[in-house]
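Engineer: Whatever this is, show me its structure:
(2 chains)
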Amino acid sequence: MGNPRVLIDGKPGSKHLLLGNEAIARGLIEGGVSVATTYPGTPASEIVDSLAAVAEEAGIYVEYSTNEKVALEVAAGASLSGLRSSTSMKMVGLNVAADALMTLGYLGVRGGMVIITADDPNCYSSQNEQDNRYYALMANIPCLEPSNPQEAKDMLLDAYRISEELELPVLYRSVTRLSHSRRPVVFGEIARPRRAEFSRDYERFVMVPANARARHVALLEKMEAAKGISDSYPRNEELGDGELGIITSGNAFNYVMDAIEKIEADASVLKLGIVHPLPEGTILGFLGEHSPVLIIEELEPLLEMRIRALANENSIGTKILGKRELSLPRHGELSIKQVALAITRALGRDPGGLRFENPALSRLDLEIPARPPVLCPGCPHRASFYAIRASGIRDAVFITDIGCYALGSLPPLSVGDVLLCMGASAGLSAGVSKATGKPVVGIVGDSTFFHASIPALINAVYNRHRYIYVVLDNMTTAMTNFQPHPGSGLDSLGRPAKRILIEEVSKGCGVEFVKVIDPFDFESAVGALREALAFDGPSVLVFRRECAILKARKAEGRGPPLSIDRFKCTGCLLCINRFGCPAITLGEGGKPSIDAMLCNGCGFCALICPQGAIGGSADED
Amino acid sequence: MRTRNVVVAGVGGQGVILFAAALANAALMSDLDASVSEIHGMAQRGGSVISHVRIGERIYSPTIPEGGADVIIGLEPLEALRSLPFSNERTLALLNTRRIVPIAALLRGPKYPELEEILGILKRFCGSVLAIDAPELAKRCGSARAENMVMLGALAGLGILPIPIESFERGIGETVPRGSLEQNLEAFKLGVEFARAQKV
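Structural biologist: As a prediction, this is how the structure comes out:
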C-alpha cells in the first residue's frame, strides 16, 4: 500500500497488497467503525496510523489516547452509546487497560466493540511475550484469531456481528507475523455506521456491588450461549484428510500447513477461528474421529489445557499430544521446521530424514559481530546520555523506560540499569532511592511520561522521594512511527492542538526543581544535572530537542554531513568509545571517519571533539 | 509453480522494507500470490533487519524455513552473512558491497570481517554470488540512497524469478512515493543493466 487512500478508495472486489495492520484497518472501515482509539505500540501501531490518514474523509473519529486504559474506555463509551468502536494496542498495553477490561464484560456493549491485541512472540520489539488469549478467558469475552491479512480483514466483520449479538466486546488477537505481514487482500463492501444514542440502564451500566453480582451471572450466561455461536462459526475449518488430527489456530496454522506439505503427511487440520469460547461440539467430534490429535499453538498451551479438560469431562480417550510431548516451546515463535519435526515424531517417523539446514554451515568457523539497534545519527537522546555521563554523577543507578532511549543502555553510553514497563521509571526510581540512598536517575520519554509516569511523580513529591527524573522530550512518539502526543502540540490527525508542557505538568504535580534544557547545549545540560543532584527531593529535567528523523522528514531535510580533519585528529577515539554515533566509524590508520551516507550533520560530535577536528562538510569520502 | 523464497537482509534505514514490498507488488502484478514478513519498531533503529518474501501460487507461512532461500539479498555484507542459515547449495546471493560497521564491532567483541572473506564464505555456502557496489551505481541517478532499487533491478535483471521487468516497474510504482518514483525507476534500471552484463 503506497498510498493510504487505497483504504477508502479501493473498490469492493479489488485486490491490494496490505500490511496485516492495514488489512485490519480496512476491516474496521468495512465494519462501519465510528470511533477507533489506540496508544501506539509495535506491532499494533499501523492500524490506527493508516486509519488516521483517511479518517476525516471516512468520517471516523480516530484518537491516539494518552494510554491504553484511556483508549479502551473512550472506545467503550462510544460502544455503550451504540456506535461501533475499536481499540488497538500491543499486548502489554492490555495490561494497562486490564482494569477497564475486566468489568466491561459485565456492562457489555450496545454498538459492536473490537479490542485488538497484537502479541509479539519472540519479543521483536517488546519487553515480554505474554499470550493475550489469557485475557479473553479472564475477562470471559469472545476471542477471534485470524491467521493472515485477508482473514484479519474479513473476520473483523464477524467480530462486530458476534459483539452485537452477545452485546459483549470481542478480543481480536493478532501477532507480529500477522500484523507485519504484507499479503494481497480482496476488499469487501463498506457498512454504514451506526447511530449514537445513550439510554440509561442503571442495573446494567452502574457497577455497584449489587448490580455487579447480577451482571457477572449475566456474563456467564452470555458466554454459555456463545458456545453455540462458536460451534457454528464457519471459520472453524477442517482441512486435509488423515488419521492424524491437528488442532491449531492463528499464525500457527500457517506453519502446520507448510509442515504437512514438507513432510508429505496425511493429516486432518482443525483450524479454530474462535478460541474463546471453544467450539466444544466441533472439537469433540474431531477428537472422536482422529488419533492421535496434536495441538499446535504459539506461546502458551491455552487450547491444549482446555481441550484436554474437555476430553476428560467427556471421557474421550483420544491420545492428545501437546507442547510437552511434541517438544514445542512456550517461548518464541514457531517455525515450519519445529512444526515439521513435531509432526514427524508424532507419526513415529525418523526426524533424521528431514533436511533444513545448509549442511555446509556446520563448518562456518566465524563469529558474526552482533548488530543490535542503536540510537540514530543525530539523535538528541545520545547527547542527553553523553551529558549524564559527563556530569560526573558517580555511583548512580539509572532506571530507564520504554522507548528509543532504552537503546542508551547499550555501550558506550550504558545509561540504563533497570527497564520494566511503560512509565515504571518514576516508581522504580523511588524504590531504589529509598532502599539504597544512592543517587538515582530515572529516564523517561515524552510520550511515556504522559502515558503512565504522572501518578508516580505525584507519589514521589507526596512521599518525599529523592531522584532526578530526566524526561527526554523529542516531541514525538518516535519508536512507533512518530505519532503525536499531548506535548507535541498536534492532535491525532496532525492538526494544531493545545500543547501540554511536561514542565508545567511536573510543577502541577508539586515538583519544585524543574528545568528545561536543550541537550545540544552541553554545558547547560551538565550544569543542570549537577544542580539537580544537590536538590533534596524529586527533580525534573526536561531535555527537549526534536527527533532527528522527524526533523529530516519535514521540510528541513537532512543537514550536510560533517567530516573529520585527519591532521587535527589525534585518534583519541572519544567520538567512538564514549559517544558512539553510528555515522562515525573507524577509518584508515585507526582514526575515526564519518560515513557521509549516515551522518545528518547534527554537529554534536564537533562540539565534544577535544581537538576540534570535526566540522565542515564531507568531501574526503 | 514452486514457491520462491527471497530473504532480504540489511540494516535498519537501508530500505529493506521498501525493497520487499516492491518485490511483492511486482509478484502481484504478475498474478502471483506473495507474502512479506517484516520487523518494525525497535528492530529498525540501525539494527539487523530481515524481511522474508515468498512468491508462489498459495502462501501459508510468513517466514522462510532454514535452508529454504532461493535468493539472499544482502543489502549489507555482514547481514548477508547473518542470513546464511537460510541458504542452501543452490541459493543465489546478491550482495551490496557497502559495509556498515556496527558500533559493537568497533568497541569490543568480534571484528567486522574483510569483504573478501565475506565473499569467500558466501561462495562456499551458496550456489552463486553476485556482488554490486550499489550506492556507486545509485549515485548516477542522483542519490546513493537508492541503493535498494539498484539491488532490486539486479534481481529483476537476472531473470531468476517468474516476474517480467514490466511487473517490477509497476510494482515499484505501487510502492514508492510518487515524488521519488522517477529516481527509483532509474536506479532500478541501472541494476537491471548491471545484472544483464554479468554472468552468474
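
Engineer: The lowest-mean-pLDDT helix or strand in chain B vs chain A: in contact?
Structural biologist: Least confident helix or strand of chain B, by mean pLDDT, DSSP states H and E, is helix B:103-107 with a mean of 86. Yes - for helix B:103-107, a contact with chain A is found by CB under 8 Å from any CB of the partner chain, at B:Ile103, B:Ala104, B:Ala105, B:Leu106, B:Leu107. For glycine as for every other residue, the C-beta is placed from the backbone atoms N, C-alpha and C.

Engineer: Can you lay out the residues you listed as CSV showing neighbour count?
Structural biologist: What follows is the residues of helix B:103-107 next to chain A, written out as CSV (neighbours: other CB atoms under 10 Å in any protein chain shown):
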residue, neighbour count
B:Ile103, 24
B:Ala104, 19
B:Ala105, 19
B:Leu106, 21
B:Leu107, 14
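
Engineer: Show the residue spans covered by the strands in chain B.
Structural biologist: Here chain B has its strands, by DSSP state E, at B:4-11, B:33-37, B:48-56, B:71-74, B:92-96, B:128-132.

Engineer: between the ones you listed, which one is nearest to A:Leu410?
Structural biologist: Smallest distance to A:Leu410 across the strands of chain B (CB to CB): 14.1 Å, for strand B:48-56.

Engineer: what mean pLDDT does the closest one have?
Structural biologist: What strand B:48-56 shows for mean pLDDT is 96.

Engineer: what does the model give B:Ile39 for pLDDT?
Structural biologist: Predicted confidence (pLDDT) for B:Ile39: 83.

Engineer: With B:Gly142 instead?
Structural biologist: Value for B:Gly142, per-residue pLDDT: 88.

Engineer: so what's the nearest residue to it once chain neighbours are set aside up against?
Structural biologist: With CB to CB, 6 or more residues apart in numbering or on different chains as the criterion, B:Gly142 has its nearest non-adjacent residue at 5.8 Å, and that residue is B:Gln183. With contact set as CB atoms under 8 Å, 6 or more residues apart in numbering or on different chains, B:Gln183 has these partners: B:Cys141, B:Gly142, B:Ser143, B:Ala146.

Engineer: Reformat these as JSON lines; add neighbour count.
Structural biologist: Converted to JSON lines, the contacts of B:Gln183 look like this (neighbours: other CB under 10 Å):
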{"residue": "B:Cys141", "neighbour count": "19"}
{"residue": "B:Gly142", "neighbour count": "12"}
{"residue": "B:Ser143", "neighbour count": "17"}
{"residue": "B:Ala146", "neighbour count": "29"}
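
Engineer: Quickly check those residues for the two that are furthest apart.
Structural biologist: B:Gly142 and B:Ala146 (7.7 Å).

Engineer: Could you name every residue contacting both of these two?
Structural biologist: B:Gln183, B:Glu186.

Engineer: For residue 15, list the residues it contacts.
Structural biologist: Picking chain A for this. Residues in contact with A:Lys15 (CB under 8 Å, 6+ apart) are A:Pro184, A:Val185, A:Val186, A:Phe187, B:Leu28.

Engineer: could you do chain B instead?
Structural biologist: Counting by CB under 8 Å, 6+ apart, B:Gly15 has contacts B:Leu75, B:Arg145, B:Glu147, B:Asn148, B:Met149.

Engineer: Now with 6 Å, please.
Structural biologist: B:Asn148 (CB atoms under 6 Å, 6 or more residues apart in numbering or on different chains).

Engineer: Then B:Ile73?
Structural biologist: Contact partners of B:Ile73, counting by CB under 6 Å, 6+ apart, are B:Val8, B:Leu94, B:Met151.

Engineer: Likewise for A:Asn474?
Structural biologist: Contacts of A:Asn474 (CB under 6 Å, 6+ apart): A:Pro380, A:Cys547.

Engineer: let's go with 7 Å and repeat that
Structural biologist: A:Pro380, A:His381, A:Asp446, A:Arg545, A:Glu546, A:Cys547 (CB atoms under 7 Å, 6 or more residues apart in numbering or on different chains).

Engineer: do you know how far it is from chain B?
Structural biologist: Taking CB to the nearest CB, to the nearest Å as the measure, A:Asn474 falls 13 Å from chain B.

Engineer: Can you tell me how far that residue is from A:Gly403?
Structural biologist: 9 Å (CB to CB, to the nearest Å).

Engineer: Which residues are in contact with each of these two?
Structural biologist: With CB under 7 Å, 6+ apart, A:Asn474 and A:Gly403 have no common neighbours.

Engineer: in stretch A:71-89, what's buried?
Structural biologist: The neighbour-count check on stretch A:71-89 (16 or more other CB atoms under 10 Å in any protein chain shown) flags A:71-76, A:78-89 as buried.

Engineer: Same check on stretch A:90-102?
Structural biologist: Buried-residue list, stretch A:90-102, by 16+ other CB under 10 Å: A:Lys90, A:Met91, A:Val92, A:Gly93, A:Leu94, A:Asn95, A:Val96, A:Ala97, A:Ala100, A:Leu101.

Engineer: Just put these in TSV and tack on secondary structure, distance to A:Phe535 and pLDDT.
Structural biologist: Output for these, formatted as TSV (DSSP: H, G, I helix; E, B strand; the rest coil; distance: CB to CB, whole Å; pLDDT from 0 to 100):
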residue	secondary structure	distance to A:Phe535	pLDDT
A:Lys90	strand	36	98
A:Met91	coil	38	98
A:Val92	coil	33	98
A:Gly93	helix	34	98
A:Leu94	helix	38	98
A:Asn95	helix	33	98
A:Val96	helix	31	98
A:Ala97	helix	35	98
A:Ala100	helix	37	98
A:Leu101	helix	40	98
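
Engineer: ok, back up a step: what subset of the contacts of A:Asn474 is buried?
Structural biologist: Among these, the ones that count as buried by 16+ other CB under 10 Å are A:Pro380, A:His381, A:Asp446, A:Arg545, A:Glu546, A:Cys547.

Engineer: correct me, but the third one touches A:Asp473?
Structural biologist: Yes - counting by CB atoms under 7 Å, A:Asp446 sits close enough to A:Asp473 to count as a contact (4.2 Å).

Engineer: Overlap in contacts, the two.
Structural biologist: Joint contacts of A:Asp446 and A:Asp473 (CB under 7 Å, 6+ apart) are A:Gly487, A:Ile502.

Engineer: Any chance of the buried ones among the contacts of A:Asn474 in CSV with pLDDT and secondary structure as columns?
Structural biologist: Below are those laid out as CSV (pLDDT from 0 to 100; DSSP: H, G, I helix; E, B strand; the rest coil):
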residue, pLDDT, secondary structure
A:Pro380, 98, helix
A:His381, 98, helix
A:Asp446, 98, helix
A:Arg545, 97, coil
A:Glu546, 96, coil
A:Cys547, 96, coil
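
Engineer: Which one of these is nearest to A:Ala139?
Structural biologist: Nearest to A:Ala139 out of the buried ones among the contacts of A:Asn474 is A:Asp446 (CB to CB; 31.3 Å).

Engineer: interface residues of the stretch 301-450 of chain A facing chain B?
Structural biologist: Applying CB under 7 Å from any CB of the partner chain, we find that the stretch 301-450 of chain A lies next to chain B at A:335-337, A:355-358, A:360-361, A:364, A:366-376, A:404, A:407, A:411-412.

Engineer: Select only the buried ones of the residues you listed in ChimeraX?
Structural biologist: One line in ChimeraX is enough to select the buried ones among these; burial here means 16+ other CB under 10 Å:
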select /A:335,336,337,356,357,358,368,369,371,373,374,375,376,404,407,412
